[in-house]
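In: Sequence below, structure please.
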Amino acid sequence: MDGSLEKLTQGVPAEIRAAWAARHGEAAAERLAAAEDFADAMKEATTPPNTTDTYSKGWKVWQRFCAEQGLPETEGTRGALVAYVAWMLDRGRATPGRDGGRGYAPTSAHSHLTAAIVGLRERGRPVSKDAHSEARARLEGVATQLAKAGERRGRGKAAAADLDSLHRIAAACDGSPTGRRDLSLILTGFHFASRASEVSGLLLADITVHARGIKVAVVTGKTKRSVRTVAIPYNNDEPEICAVRAWQQWCEIYGRTDLTAAAFPRIDRWGHIGGAMAPDSVTNAVTRVARRAGVPIRWTGHSLRSGLATEGRKNGKDPVNIAKQGGWAPGSKAMLGYMQLADEWDDNAAAGLRRSGGQ
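Out: Numbers count the residues shown, from 1 in each chain. Coordinates of the predicted model:
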């Protein structure tokens, strides 16, 4: 992308181009239109693929709703968006969920609503703030009613990885290539509070060994803060769950010297090593290894991310440093939610209450 505005395309609606031409002349209107196209190209180039995929899937849900209701898909009016929210929570799923129902979980409905609003804006039909706010308010209202009725939809928050379970996993992983890879993947991912997509995107060049541990360059983060380089020190107190030692043992078996190779590749049942694991494969590996090790609560790929925040809080780590390690913004609601898992018993307002004066 060279920043040139010479090429004019048809991304700007004709009525807007005409208004620009009336105000500033045809030449200036062409330059403004080309600048809009360039901005769109910049956005596309810098938007993470998983975000683009989420918006694409969400737009298809909006299209299904509009087709079913006989509404134009390029009109995000207040009424249409409120009806969309009600439809999603009632019967929006194309196939039944795990509970047998066709209504989306509120979190999924929220994501699809956002995707519809983004899609409308991209198509030159921005949604008014009032319409947007009304739809979100109705979604939150229905979500509250569902919670009061005891109805639970979706998978809920991922179970947080904990140190006791990491020890179980370390004991269950053997010395085979798959066993060494799995242990290194889980311990490394846990210690930098990884998303599955971040583990999937790591190359050998991204993990470097230093005198006091390893450094992990996370270049596939979803946000500015999650693109980061973090240090993981040796754990000499509990070497069984030391991410540095696990990484070194995996590298000895892996044996690759090409630094552009995947840090955690696929391995088939015969031990053949392939290319990078997809994010879903990372999640499946975490779930499989935890289940095999006898971890009582089902782990997902996100368990590693929530686990570091939870265990870091239990061990008295500074929330600012936890945020840096995991690529959260300071005061992130998601991070604080994970920390509450540690605080609900240890820092409970109802714990240890006693009468003043020792009576």
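In: Flag every buried residue along stretch 137-146.
Out: Arg138, Leu139, Val142, Ala143, Leu146 (16 or more other Cβ atoms under 10 Å). For every residue, glycine as well, the C-beta is placed using N, CA and C.
In: which one in those is the model shakiest on?
Out: By pLDDT, Leu146 ranks lowest within those, coming in at 77.
In: I figured it hits Thr107, correct?
Out: No: applying Cβ atoms under 8 Å as the test, Leu146 and Thr107 come out as separate, 11.6 Å apart.
In: ok, back up a step: return the subset of the buried residues of stretch 137-146 lying in strands.
Out: Judged by DSSP state E, strands contain none of the buried residues of stretch 137-146.
In: Show me which pair in those residues is furthest apart.
Out: Arg138 and Leu146 (12.7 Å; Cβ to Cβ).
In: Asp268 is in contact with Ser281, isn't it?
Out: No: the criterion here is Cβ under 8 Å, and Asp268 misses it with Ser281 at 11.7 Å.
In: between the two, which one's more packed in?
Out: More crowded of Asp268 and Ser281, by other Cβ atoms under 10 Å: Ser281, with 16 against 9.
In: Assumed the more buried one was part of a helix.
Out: Yes: Ser281 forms part of a helix when assessed by DSSP: H, G, I helix; E, B strand; the rest coil.
In: so what's it up against?
Out: Ser200, Arg266 (Cβ atoms under 8 Å, 6 or more residues apart in numbering).
In: and the gap between it and Ala323?
Out: To Ala323, Ser281 is 28 Å away according to Cβ to Cβ, to the nearest Å.
In: what separates stretch 125-135 from the chain centre, distance-wise?
Out: Centroid separation for stretch 125-135 versus its chain: 25 Å, with Cα atoms, centre = their mean, to the nearest Å.
In: cool, stretch 183-201 as well?
Out: 13 Å.
In: CA atoms only: put that stretch into CSV for me.
Out: Extracted C-alpha coordinates of stretch 183-201, given in CSV (Å, rounded to 0.1, in the frame of the first residue of the first chain):
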residue,chain,number,x,y,z
LEU,A,183,3.0,-29.4,27.6
SER,A,184,5.0,-26.5,26.2
LEU,A,185,2.0,-25.1,24.4
ILE,A,186,-0.1,-25.1,27.6
LEU,A,187,2.6,-23.8,29.9
THR,A,188,3.8,-21.1,27.5
GLY,A,189,0.2,-20.0,26.7
PHE,A,190,-0.7,-19.9,30.4
HIS,A,191,2.2,-17.7,31.3
PHE,A,192,1.5,-15.0,28.8
ALA,A,193,-2.3,-15.3,29.2
SER,A,194,-2.7,-16.3,25.6
ARG,A,195,-5.7,-16.5,23.3
ALA,A,196,-5.8,-19.6,21.1
SER,A,197,-5.1,-17.4,18.0
GLU,A,198,-2.0,-16.0,19.6
VAL,A,199,-0.5,-19.4,20.3
SER,A,200,-1.5,-20.5,16.7
GLY,A,201,0.4,-17.5,15.2
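In: Now do the buried residues in it.
Out: Buried residues in stretch 183-201, counted by 16+ other Cβ under 10 Å: 183-201.
In: ok, so what distance separates Ala67 from Asp206?
Out: Counting by Cβ to Cβ - Ala67 and Asp206 are separated by 44 Å.
In: Between these two, which is the more surrounded one?
Out: Set side by side, Ala67 and Asp206 show more neighbours around Asp206, with 18 against 10, by other Cβ under 10 Å.
In: Pull the contacting residues for the residue lying closest to the more buried one once chain neighbours are set aside.
Out: Excluding the flanking residues, the one nearest Asp206 by Cβ to Cβ, 6 or more residues apart in numbering is Ala217, at 4.4 Å. Neighbouring residues of Ala217 by Cβ under 8 Å, 6+ apart: Ala205, Asp206, Ile207, Thr208, Arg228, Thr229.
In: Am I right that the last one is in contact with Lys215?
Out: When you say that, I think you mean Thr229. Yes: if you go by Cβ under 8 Å, Thr229 and Lys215 touch, sitting 5.9 Å apart.
In: Those two: which is more packed in?
Out: Shown here are Thr229 and Lys215; by other Cβ under 10 Å, Lys215 has more neighbours (15 against 12).
In: helix/strand/coil for the more buried one?
Out: strand.
In: Return the distance of it relative to Ala243.
Out: Distance from Lys215 to Ala243, by Cβ to Cβ: 12 Å.
In: Which stretches in the stretch 201-350 of the chain count as helices?
Out: Secondary structure of the stretch 201-350 of the chain by DSSP state H, counting those that start in this stretch: the helices cover 243-254, 279-292, 303-314, 319-326, 333-346.
In: For my notes, confirm Ala159 occurs in a helix.
Out: No: judged by three-state DSSP, Ala159 forms no part of a helix; its state is coil.
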